[in-house]
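> sequence-free structure coming up:
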């Protein structure tokens, strides 16, 4: 769940992260390094059908795998 | 350079990728896996000061390093 989608203005966008491995439902992923507004790395996935934004835990191994898979999934 | 920033509607958003290692200027990164609109993985970085969107090459080693660094740069 991302705070921006709730219309709430706060420092960090994520208040909780998705624990279930939802890799197959992910349309795209946004990576936000720590900055002056938020001292945590934030990973926000947009889901395929609903367009819903879901925060992911950067420390979760399934999240790292999903990102590696995106990086290597070039079809030429 | 991203096509969306030019107001052009096409399948893929990227027409060319940044060759220079601009990791330090990156505010956030968007990863878009291949999908029905574009058969390439697209990586679009937003730059810190200008907010400009720049496409990155998923195969470039500096791009992979920047992403790994974001994933591991949690400060708790």
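Okay, I see it. Because the structure is a prediction, the values reported are computed rather than measured.
> Counting neighbours, what do you get for the nearest residue to residue A:38 once chain neighbours are set aside?
Spatial nearest neighbour of residue A:38, excluding adjacent residues (Cβ to Cβ, 6 or more residues apart in numbering or on different chains): residue A:12 at 3.8 Å. The C-beta positions use only the backbone N, C-alpha and C, and glycine is treated the same way. Neighbourhood size, residue A:12 [other Cβ atoms under 10 Å in any protein chain shown]: 16.
> Thought residue A:43 was touching residue A:12, still the case?
No: using Cβ atoms under 8 Å, residue A:12 makes no contact with residue A:43, being 11.9 Å away.
> re the thing from before, pull up the gap between the residue nearest to residue A:38 and residue B:49, please.
21 Å (Cβ to Cβ, to the nearest Å).
> next one: residue A:26
Residue A:26 is 29 Å from residue B:49, by Cβ to Cβ.
> Just want to know which of those two has more residues nearby.
residue A:26 (20 against 7).
> Which of the helices or strands spans the closest residue in space to that one that isn't next to it in sequence?
For residue A:26, ignoring the flanking residues on the chain, the nearest one in space by Cβ to Cβ, 6+ apart is residue A:45 at 4.6 Å. Assigned by DSSP states H and E, residue A:45 falls within strand A:42-47.
> list the buried ones in that strand?
Judged by neighbour count using 16 or more other Cβ atoms under 10 Å in any protein chain shown, the buried positions of strand A:42-47 are A:42-46.
> and what of stretch A:56-68?
Those buried within stretch A:56-68 under the rule 16+ other Cβ under 10 Å are A:56-58, A:63-64, A:66-67.
> hmm, it in reach of chain B?
Yes: Stretch A:56-68 is in contact with chain B by Cβ under 8 Å from any Cβ of the partner chain, via A:58-59, A:64, A:67.
> and these as a markdown table, adding secondary structure and pLDDT?
Shown next, in a markdown table, are the residues of stretch A:56-68 next to chain B (DSSP: H, G, I helix; E, B strand; the rest coil; pLDDT from 0 to 100):
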| residue | secondary structure | pLDDT |
| --- | --- | --- |
| A:58 | coil | 94 |
| A:59 | coil | 93 |
| A:64 | helix | 95 |
| A:67 | helix | 96 |
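> for chain B, what are the nearby residues on chain A?
So chain A meets chain B at A:26-35, A:39-41, A:43, A:58-59, A:64, A:67, A:69-76 (Cβ under 8 Å from any Cβ).
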